[in-house]
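[1] no letters, just coordinates:
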């Protein structure tokens, strides 16, 4: 069982890279908006959405970790200045590692100018309904960046199976190849 956690700020390319990794492996992609976009029409971005999203994700992780699936790719915007996010990531790792799964951390970073362009891409808007209000999505991208640290500092992540990739000028296919080559997945 392999679990790849792809994390980084909004519009860095997590889902798109995850889709390319999925094509190269037997792993299934579970991108973070799959739960968010399901709950948003009912609760908006209220606390119910985040509470239920976390519960659904944890139950899905438990089912996958106990299954005979090859594994899972999950995307996440990790606020490194929030203990709650660290706790969530640790709980995910515990679920897979308790079932003898291998956990891989992939951190993506890209220049803000490129992220603003990607935020409006047809591909992103097709797969993420809550991002279709471009003005609101761009505002959220900028305010989140101002209020939280969304990329790790040097040496902050100490896991053996970790890679940080600046994908500003790389295609999703190239990034997926880097990931699968590095971790031999």
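    Yes, it's here. Remember, it's a predicted structure, so these values are computed and weren't measured experimentally.

[2] list the buried residues in the longest strand along the chain.
    Ranked by residue count and defined by DSSP state E, the top strand of the chain is strand 102-109. For strand 102-109, a neighbour-count test (16 or more other Cβ atoms under 10 Å) marks 103, 104, 105, 106, 107, 108, 109 as buried. Heads up, the C-betas are built off the backbone N, CA and C, glycines and all.

[3] so how far is that strand off the chain centroid?
    9 Å (Cα atoms, centre = their mean, to the nearest Å).

[4] hang on, the earlier thing: distance to residue 63 and pLDDT added to the buried residues of strand 102-109, as a markdown table?
    Shown next, in a markdown table, are the buried residues of strand 102-109 (distance: Cβ to Cβ, whole Å; pLDDT from 0 to 100):
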| residue | distance to residue 63 | pLDDT |
| --- | --- | --- |
| 103 | 17 | 98 |
| 104 | 20 | 98 |
| 105 | 22 | 98 |
| 106 | 22 | 98 |
| 107 | 26 | 98 |
| 108 | 26 | 98 |
| 109 | 31 | 98 |
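
[5] out of those residues, who's nearest residue 86?
    residue 105 (12.6 Å; Cβ to Cβ).

[6] next up, the contacts around the closest one.
    Taking Cβ atoms under 8 Å, 6 or more residues apart in numbering as the criterion, residue 105 is in contact with 5, 7, 157, 159, 161, 162, 163.
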